[in-house]
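Visitor: Dropping the sequence and predicted coords here.
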Amino acid sequence: MYPPDFDFDRLKVRALIDFVKLATDEPLMHVFPGERRAKWTPDRSGHGGLLTLQDPEANDLVYLAKRYPEQPLMEFEVSVDFCPKPGMSHAGRQHLLRATHEAVAGRFRPEDTCRYGYGFRGSVNGRGCRPKPFNDRKPGHDHQLLYGVRGGFLQAKVYLKDTDHGHSLPAEQHRLRLELAFRRGALLDEGILCMPQLLGLDYRKRFARHFRMIERPALRLNARRPADAELERKMQEGWAKAGVGAFGLEQLPVEASKMTLAAIAYRARLQLPMDRIRLVRHKLAHTHIANALRRLERRLGNASDFGRKGED
């Protein structure tokens, strides 16, 4: 069965900043609305540390930008949530979330827009579980999907969000979350050095490409390469079996650093070659995600002198 499509008639898409982390000399004593505080982790060297604020609102980011205009931004995470629209039954919401998880698992292809690659793709269904590649299978709807490693420049995660900071969320707040964490190396590559810059970014232009979704695969046809029935069959079988995971990557296969050369070659042979196949971008999904990022940009701009002004 092919990956299910997105049901945007029953889904709303929202973008947010999940956390920011910057280098500071000392803890921040400021109390944010809701009795929230930023967590400060001292550096092992004894000089300074890392300040992390979870779930910041636009005004929180404005405060940090004014308080720390030049301190290095070490990491931040931008997320996109797929939320069932109000008015649905509990069973209907859960079915929609599971179908959306399956759609993302089969269609999300962030590796195509990252110059240095993620280097890993796997799924886990619990703490301490060993990640399992899903280039030749469909992961369960209860699995967290991982792209990249903890210490890499970029890491993406996909999961059904039903808890927040260890507490269960009401059923009507359950949603599917896509997280994209930019570490210091990726931020330097993007030219994002400090907090004030976060408030003036064109989020749609900068980040929509990283949430790349695929509508379908298609053969690359031209006068020298006519239709190939056997390749078409293999392409459709791979798409039905594993979605985008069935198609090769420019970088080494997942877990390549822990595999022998023979295992790497075998894994590569299992995936379909991209010199004869193209992956068609899902334009509707891109539009919804890009518009959500634009709304995030406007919320930040409207709250700050640093950012653009705009109308929601």
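Guide: Alright, I've got the coordinates.
Visitor: Residue 186 in helix, strand or coil?
Guide: helix (DSSP: H, G, I helix; E, B strand; the rest coil).
Visitor: burial count for it?
Guide: If you count neighbours by other C-beta atoms under 10 Å, residue 186 ends up with 21. No exception for glycine: its C-beta is placed from N, CA and C like everyone else's.
Visitor: Next, the buried residues of the one helix or strand residue 207 maps to.
Guide: Using DSSP states H and E, residue 207 maps to helix 203-207. Using 16 or more other C-beta atoms under 10 Å as the test for burial, helix 203-207 gives 203-204, 206-207.
Visitor: of those residues, closest to residue 213?
Guide: residue 207 (13.7 Å; C-beta to C-beta).
Visitor: Confirm residue 98 sits in a helix?
Guide: Yes - using three-state DSSP, the secondary structure at residue 98 is a helix.
Visitor: and it, what pLDDT?
Guide: Model confidence at residue 98, given as pLDDT, is 96.
Visitor: I'd like to know how far it sits from residue 23.
Guide: Going from residue 98 to residue 23 by C-beta to C-beta, to the nearest Å gives 40 Å.
Visitor: just residue 125 next, same as before
Guide: Distance, residue 125 to residue 23, by C-beta to C-beta: 35 Å.
Visitor: And for residue 172?
Guide: Where residue 23 is concerned, residue 172 sits at a distance of 38 Å (C-beta to C-beta).
Visitor: between these two, who's got more neighbours?
Guide: Shown here are residue 172 and residue 23; by other C-beta under 10 Å, residue 23 has more neighbours (16 against 12).
Visitor: which of the residues in the longest helix seen in the chain are buried?
Guide: Longest helix in the chain, counting residues (DSSP state H): helix 283-303. Of all the residues in helix 283-303, those buried under the rule 16+ other C-beta under 10 Å are 285-286, 288-290, 292-301, 303.
Visitor: Name the nearest of those residues relative to residue 50.
Guide: Nearest to residue 50, judged by C-beta to C-beta, of the buried residues of helix 283-303 is residue 300 at 22.1 Å.
Visitor: what sits against that closest one?
Guide: 58, 61, 198-199, 201, 307 (C-beta atoms under 8 Å, 6 or more residues apart in numbering).
Visitor: which one of the buried residues of helix 283-303 is nearest residue 84?
Guide: Looking across those and measuring by C-beta to C-beta, the closest to residue 84 is residue 288, at 14.1 Å.
Visitor: Surely the closest one is in contact with residue 13?
Guide: Yes - the pair residue 288 / residue 13 is scored as a contact, 4.5 Å apart, by C-beta atoms under 8 Å.
Visitor: number of nearby residues for residue 83?
Guide: Neighbours of residue 83 under the rule other C-beta under 10 Å: 21.
Visitor: Retrieve the pLDDT associated with the closest residue to it other than its chain neighbours.
Guide: Leaving out its chain neighbours, the residue that sits closest to residue 83 by C-beta to C-beta, 6 or more residues apart in numbering is residue 175, at 4.3 Å. In this prediction, residue 175 carries a pLDDT score of 97.
Visitor: I'd like the buried residues of helix 203-207 as CSV, with pLDDT and distance to residue 1 appended.
Guide: As requested, the buried residues of helix 203-207 are exported to CSV (pLDDT from 0 to 100; distance: C-beta to C-beta, whole Å):
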residue, pLDDT, distance to residue 1
203, 95, 34
204, 95, 33
206, 92, 35
207, 95, 31
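Visitor: Any regions of this protein where pLDDT drops low?
Guide: 116-117, 119, 223, 250-261, 263-269, 305-312 (pLDDT under 70).
Visitor: what ranges do the strands span in it?
Guide: Along the chain, counting by DSSP state E, strands occupy 11-24, 39-42, 49-54, 73-84, 121-124, 144-147, 154-161, 163-164, 167-168, 175-183, 214-219, 277-281.
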